[in-house]
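[1] Need a 3D model of the following:
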Amino acid sequence: MSTHTFHDAVAPHHRRIDIDAYDDVYVVGDVHGCRAELDRLLDRLALGPSDLVLFVGDLVRKGPDNTGVVDRVRGDDRLVSVRGNNEQKIIEGRKDPDWLRPGDREFFESLPVVVTWDGGMVVHGGVDPTRPLADHAIDDLLNMRSPNGDGYDGPFWYEAYEGDARVFFGHTVHDEPVDLDSAVGLDTGCVYGGSLTAYDLRDDSYLAIRPSEVHEDRSASKVVTPPTVA
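    As a prediction, the model looks like this:
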């Protein structure tokens with residue numbers, strides 16, 4: 001599966017980066033408006049001027065400080081997010097939250113749908129392992145979970161994915177990160193009382209920040225235990 005060939009609708013929203021141009025590189029799971037937890041995580045990361053943080057999307061909705069998260073990410077060139085399905089709902093007008101300010105929707109529209117580098121890819125939802133990347137529309141990359149199953153009942157796309165690019169994703173809530181050779185899942189449910197998780201690309205390690213409170217309840221049936229590698 002090539003990281004270079006995209007659907008015509010996706011290609012304008014693809015950002016290619018030179019991963020070697022940065023010192024430390026981190027990928028962070030779904031923030032969902034949890035500004036306090038994001039601040040604590042970034043404090044722990046102690047970013048240098050040549051570091052990079054990539055977010056898997058869903059910066060906003062469900063949590064207590066959505067505008068605070070937008071301002072933190074938007075105000076620092078070292079912080080880059082792909083678009084999540086929750087940003088897409090706002091862009092399309094399916095959600096019109098009362099906290100939305102002039103310019104916020106345009107910021108969400110400016111977010112890439114996919115970020116790639118040699119050997120890696122960040123999308124919000126995932127990819128269908130049975131189809132070439134060029135056949136994936138924007139909604140596929142934002143919402144992929146169980147291409148041949150039933151949502152949180154699985155089977156999940158990453159269980160069969162064996163592409164050349166390691167895919168970093170969010171969207172599907174797990175009680176621990178998905179840690180596979182081909183895929184890394186980083187939505188560990190911060191807004192639901194789980195953790196806000198960062199993956200250190202250079203050190204191949206994880207850092208998790210626990211929230212001080214549960215901002216939204218979630219059924220246990222919609223929290224997945226990731227597969228383990230024997």
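
[2] report the longest helix in the chain, please.
    In terms of residue count, the longest helix belonging to the chain (DSSP state H) is helix 35-45.

[3] quick one: contacts of the helix or strand containing residue 168?
    Residue 168 is part of strand 166-169 when elements are defined by DSSP states H and E. The contact list for strand 166-169 (Cβ atoms under 8 Å, 6 or more residues apart in numbering) reads 27, 54, 56, 119-127, 144, 158, 161, 181-187, 199. (C-beta placed from N, C-alpha, C; glycine too.)

[4] buried sites along the longest helix of the chain?
    Across helix 35-45, burial judged by 16 or more other Cβ atoms under 10 Å covers 35, 36, 37, 38, 40, 41, 42, 45.

[5] on that earlier part again, mark which of the contacts of strand 166-169 are buried, thanks.
    Neighbour-count burial (16+ other Cβ under 10 Å) applied to those gives 27, 54, 56, 120-127, 144, 158, 161, 182-187, 199.

[6] Next, name the residue at the spatial heart of the protein.
    When Cα atoms, centre = their mean is applied to the chain, the residue found nearest the centroid is residue 56 (1.5 Å).

[7] That residue contacts residue 30, doesn't it?
    Yes - using Cβ atoms under 8 Å, residue 56 is in contact with residue 30, at 6.4 Å.

[8] shared neighbours, those two?
    84, 170, 171, 186, 187.

[9] which element follows the strand holding residue 168 toward the C-terminus?
    The C-terminal neighbour of strand 166-169 among helices and strands, as given by DSSP H and E, is strand 178-179.

[10] List the neighbouring strands of that next one plus their orientation.
    Using DSSP bridges, strand 178-179 pairs in its sheet with strand 183-185 (antiparallel).

[11] packing partners for the next helix or strand along the chain from the strand it pairs with?
    For strand 183-185, the following helix or strand on the C-terminal side (DSSP H and E) is strand 196-200. Judged by 3 or more Cβ pairs under 8 Å, 6 or more residues apart in numbering; DSSP states H and E, strand 196-200 is in contact with strand 25-28, helix 35-45, strand 205-209.

[12] Quick one, which of those gets closest to residue 103.
    Of all those, helix 35-45 sits nearest to residue 103, with 17.8 Å by Cβ to Cβ.

[13] contact partners of the helix or strand just after the closest one?
    The C-terminal neighbour of helix 35-45 among helices and strands, as given by DSSP H and E, is strand 52-55. Residues outside strand 52-55 that contact it (Cβ under 8 Å, 6+ apart) are 17, 22, 24-28, 31, 42, 45, 47, 73, 78-82, 115, 122, 168, 198.

[14] if you average pLDDT over strand 52-55, what comes out?
    Mean pLDDT, strand 52-55: 98.

[15] now swap in stretch 159-179 and tell me
    The average pLDDT for stretch 159-179 rounds to 97.

[16] That one: end-to-end distance?
    When the termini of stretch 159-179 are compared using Cα to Cα, to the nearest Å, they are 11 Å apart.

[17] circling back: who does the strand holding residue 168 pair up with?
    Applying DSSP bridges to the sheet, strand 166-169 is found paired with strand 120-122 (parallel), strand 183-185 (parallel).

[18] quick one: average confidence on the first one?
    Per-residue pLDDT values over strand 120-122 give a mean of 98.
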